[in-house]
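Novice: Prediction below, plus the sequence it came from.
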Amino acid sequence: MGAAGRAEHDPAERRLAQLFHLTDLVPLSVSSVGPLFSVAATGGVMAADAGWWTLPAIAVLAVPFLVSSFVFRLLNQHFPHSGASYHWSARVIGRSASRYQAWILILAYFTSIPPIAIPAGAYTLALVAPGYHAPPVVQLAVTIFWIGFAAIPLLLGGRPTARITQAFFTLEMVSLVSFGVLGVLNWHRISVPIHFGPPPIGGILIVAVVAATILDGWEIDSYAAEESMRPRAHPGVGGIIGAIGALLFYAVLYPLMLGETPLHQLANATNPLAEWSARLVPQAPWVMLIPILASTAGGLWLTTYILTRALYAMGRERLIPSQFARLSRRQVPHVAILASLGTALAVVAMQVFITSLGAFFNLILSAAGFFLLAEFFLDSVTASVFLTLGHRRVPETKLEPHSHIWLLAGALFSTAVMGSLLVAFFIAGPKAIGNGIDQTIAVLLALGLAFAWWTRRRTSDTVIFHGEDAGRSTTTGGLNQGTLATLKR
């Protein structure tokens, strides 16, 4: 039986093409954060909940997220894998914890896709037909266009995905720098009084959790580890650069936007960047809308990329149906891509056309920040265990106890901060988001326990990607590949 035939029957033979260089991973990490889209999508809610206190609220979460980028770097060095955090948990803590984390991972990234797809349609209509009140069928049609557009680079393969992302990345970076310069030059002309006022504790806590949706995305290079030419060297580096870059962008964008736009215009605005842009460049809304749309589109297919690589890894280990591990001729998990975007489209359609279900899904999708934060919290727990007991639980790594004492301190700090914010969300969530959010999250967390129980009888083989550099790896089908093996635990 040839390599293709073995790959179809043996999960350990299903391999992604190694083709990403560091110059590919960095744009992927920064674009996946989507700085312009993130500010446009969440800035209005943040301004309404916390006003100028948005800045310290973001800072509260920024520190543990930045620490997480260095933690991810270490874990990638030891366990490069397309399942990333799901796999790390399996190797360090055990399969039971990993099955639950798989559920949280799916929720975190799937609930992030519709909140990107819907604004993509709204921004498009605002660009091509300003002032037009589109009926639901038009809104859905434009959203379908962007979901279909997101599928194109993903289905074409890793290299086209990287190249298209680089083009959108360049446009966004030029726009970010341009608006930063314009904001600084116009500060004396359009600045507004800065007034923090008494700190709204509940609002600050909610904004800190919502900030998870604007501080994540840089971890995409961890899920691209098996497609990296140097899987033990480059994944994690792009994430660190992406995390630092995102913080620098927000450190410039948020103060300028808040300092040059009256707060009442930003509070609950559907696109606060457009409000700021109208003061910077009057009568030219397209100047801001085009780069926001580019940022949104990139975030859409890159968030889907993370989810599909995780689903591919789970399918390869038969935690979920093995069809999710099928690869197309372009060596991409096409079933996972089509299933993810197709399900997201169904959710969007129900939101648009069915009022009762729309309200229900809005509630679930509002929890995206919670589950993203929960995912990073579990990663911090995994890192803390690995850095204290790794020499016992994974002896082949030859990790010396407390050999990374500062990183261990950072992982423990991140665990404490993120865990506290998750608990605080249950207290402040109903007031900021609406009644029922606590019960919705509790039900979804409980379903994770059911998922872990249901999948316990499925194969317990952990597929390991050894992660050789492409220059030293074996060759299959004309492409450099890292070798895979299975570990029964």
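Specialist: Now that the structure is in, tell me what you want to look at. What you see is a predicted model, and the numbers here were worked out from it, not measured in a lab.
Novice: I'd say L182 and S277 touch.
Specialist: No - checked against C-beta atoms under 8 Å, the pair L182 and S277 is beyond contact range at 9.1 Å. The way it works is simple: take the backbone N, C-alpha and C, and place the C-beta from them, glycine included.
Novice: Of the two, which one has the most company?
Specialist: Neighbours were counted for L182 and for S277 using other C-beta atoms under 10 Å; S277 has more, 24 against 17.
Novice: Verify the contact between the more buried one and M288 for me.
Specialist: Yes - taking contacts as C-beta under 8 Å, S277 lies within contact range of M288: 3.6 Å.
Novice: Which residue ranges of the stretch 301-450 of the chain form helices?
Specialist: Counting by DSSP state H, counting those that start in this stretch, the stretch 301-450 of the chain has helices at residues 334-353, 355-365, 368-393, 405-432, 437-454.
Novice: Rebuild those as TSV, extending it with mean neighbour count and distance to T308.
Specialist: TSV is the format used below for those (neighbours: other C-beta atoms under 10 Å; distance: least, C-beta to C-beta, whole Å):
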stretch	mean neighbour count	distance to T308
helix 334-353	19	4
helix 355-365	15	19
helix 368-393	23	16
helix 405-432	18	25
helix 437-454	15	19
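Novice: Which of these sits closest to Q101?
Specialist: Ranking the helices of the stretch 301-450 of the chain by distance to Q101, with C-beta to C-beta as the measure, places helix 368-393 first at 5.1 Å.
Novice: still on that earlier bit, would you turn the helices of the stretch 301-450 of the chain into TSV with mean pLDDT?
Specialist: TSV is the format used below for these (pLDDT from 0 to 100):
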stretch	mean pLDDT
helix 334-353	92
helix 355-365	65
helix 368-393	89
helix 405-432	88
helix 437-454	91
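Novice: mind checking which of these is nearest L256?
Specialist: Judged by C-beta to C-beta, the one of the helices of the stretch 301-450 of the chain that comes nearest to L256 is helix 368-393, at 23.6 Å.
Novice: Tell me the helices and strands packed up against the closest one.
Specialist: Contacts defined by 3 or more C-beta pairs under 8 Å, 6 or more residues apart in numbering; DSSP states H and E place helix 368-393 against helix 54-78, helix 85-92, helix 95-110, helix 201-210, helix 212-215, helix 405-432.
Novice: Okay, angle between that helix and helix 95-110 too, please.
Specialist: Relative orientation of helix 368-393 and helix 95-110, computed by axes from the mean of the first three to the mean of the last three C-alpha atoms, to 10 degrees: 150 degrees.
Novice: still on that earlier bit, would you list the helices of the stretch 301-450 of the chain in CSV and tack on distance to T23?
Specialist: Written out in CSV, the entries for the helices of the stretch 301-450 of the chain read as follows (distance: least, C-beta to C-beta, whole Å):
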stretch, distance to T23
helix 334-353, 24
helix 355-365, 34
helix 368-393, 26
helix 405-432, 26
helix 437-454, 37
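Novice: Those: which one's closest to G197?
Specialist: When the helices of the stretch 301-450 of the chain are compared for distance to G197 using C-beta to C-beta, the nearest one is helix 405-432, at 17.3 Å.
Novice: Now do the SS call for I464.
Specialist: Under DSSP: H, G, I helix; E, B strand; the rest coil, I464 falls in the strand class.
Novice: What pLDDT does the model give the closest residue to it other than its chain neighbours?
Specialist: Setting aside the residues directly before and after it, I464 is nearest to A485 in space (C-beta to C-beta, 6 or more residues apart in numbering), at 5.0 Å. At A485 the predicted local distance difference test score is 78.
Novice: What is the burial count for A485?
Specialist: The burial metric for A485, expressed as a neighbour count using other C-beta under 10 Å, is 11.
Novice: what does I433 give?
Specialist: The number of residues packed around I433, counting by other C-beta under 10 Å, is 24.
Novice: and what of V184?
Specialist: 12.
Novice: Next, the contact list for the most centrally placed residue in the chain, please.
Specialist: Most central in the chain under C-alpha atoms, centre = their mean is G217, positioned 3.6 Å from the mean C-alpha point. For G217, the contacting residues are S29, S32, V33, G34, G242, A246, G299, L302, T303, by C-beta atoms under 8 Å, 6 or more residues apart in numbering.
Novice: rewinding a little: could you dump the helices and strands packed on helix 368-393 to JSON lines with distance to R456?
Specialist: Output for these, formatted as JSON lines (distance: least, C-beta to C-beta, whole Å):
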{"stretch": "helix 54-78", "distance to R456": "25"}
{"stretch": "helix 85-92", "distance to R456": "13"}
{"stretch": "helix 95-110", "distance to R456": "7"}
{"stretch": "helix 201-210", "distance to R456": "31"}
{"stretch": "helix 212-215", "distance to R456": "29"}
{"stretch": "helix 405-432", "distance to R456": "25"}
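Novice: how about those helices, which one is nearest H334?
Specialist: It's helix 95-110; of those, that one is closest to H334 (C-beta to C-beta) at 17.5 Å.
Novice: now S322, nearest residue through space, not along the chain?
Specialist: Beyond its immediate neighbours in the sequence, the residue positioned closest to S322 (C-beta to C-beta, 6+ apart) is G315, lying 5.3 Å away.
Novice: how far away is that neighbour from L125?
Specialist: Note on G315: its distance to L125, by C-beta to C-beta, to the nearest Å, is 36 Å.
Novice: thought V30 was touching G242?
Specialist: Yes - with contacts defined as C-beta under 8 Å, V30 counts as touching G242 at a distance of 4.7 Å.
Novice: Looking at those two, which has the bigger crowd around it?
Specialist: V30 (29 against 26).
Novice: what sits up against the strand or helix carrying that one?
Specialist: According to DSSP states H and E, V30 maps onto helix 22-33. Here helix 22-33 makes contact (C-beta under 8 Å, 6+ apart) with 20, 161-162, 165-166, 168-169, 172-173, 214-221, 224, 228, 230, 234-235, 237-239, 241-243, 245-246, 295, 298-299, 302-303, 305-306.
Novice: Look up the closest residue to I116, ignoring the ones flanking it.
Specialist: Of all residues beyond its chain neighbours, the one nearest I116 is L300 (4.7 Å), with distances taken as C-beta to C-beta, 6+ apart.
Novice: ok, the one you found to G158 distance?
Specialist: Applying C-beta to C-beta, the value for L300 to G158 is 17 Å.
Novice: Pick out whichever of these two has more residues nearby.
Specialist: Regarding L300 and G158, a neighbour count based on other C-beta under 10 Å identifies L300 as having more, with 26 against 23.
Novice: What does the pLDDT read for the more buried one?
Specialist: According to the per-residue confidence, L300 scores 93 in pLDDT.
Novice: Please apply the same query to H466.
Specialist: What the model reports for H466 is a pLDDT of 75.
Novice: from memory it sits against T486, does it?
Specialist: No - with contact defined as C-beta under 8 Å, H466 does not reach T486; the gap is 11.7 Å.
Novice: the bottom helix or strand of this structure by mean pLDDT?
Specialist: In the chain, the helix or strand scored least confidently by mean pLDDT, DSSP states H and E is strand 474-476, which has a mean of 40.
Novice: which residues does the residue nearest to E260 when sequence neighbours are not counted contact?
Specialist: The shortest distance from E260 to any non-neighbouring residue, by C-beta to C-beta, 6+ apart, is to I190 (4.8 Å). With contacts defined as C-beta under 8 Å, 6+ apart, I190 is in contact with E260, R279, L280.
Novice: Now do the phi/psi pair for I190.
Specialist: The phi and psi values for I190, taken as degrees, to the nearest 10, are phi -120, psi 10.
Novice: What of L484?
Specialist: With angles defined as degrees, to the nearest 10, L484 sits at phi -120, psi 150.
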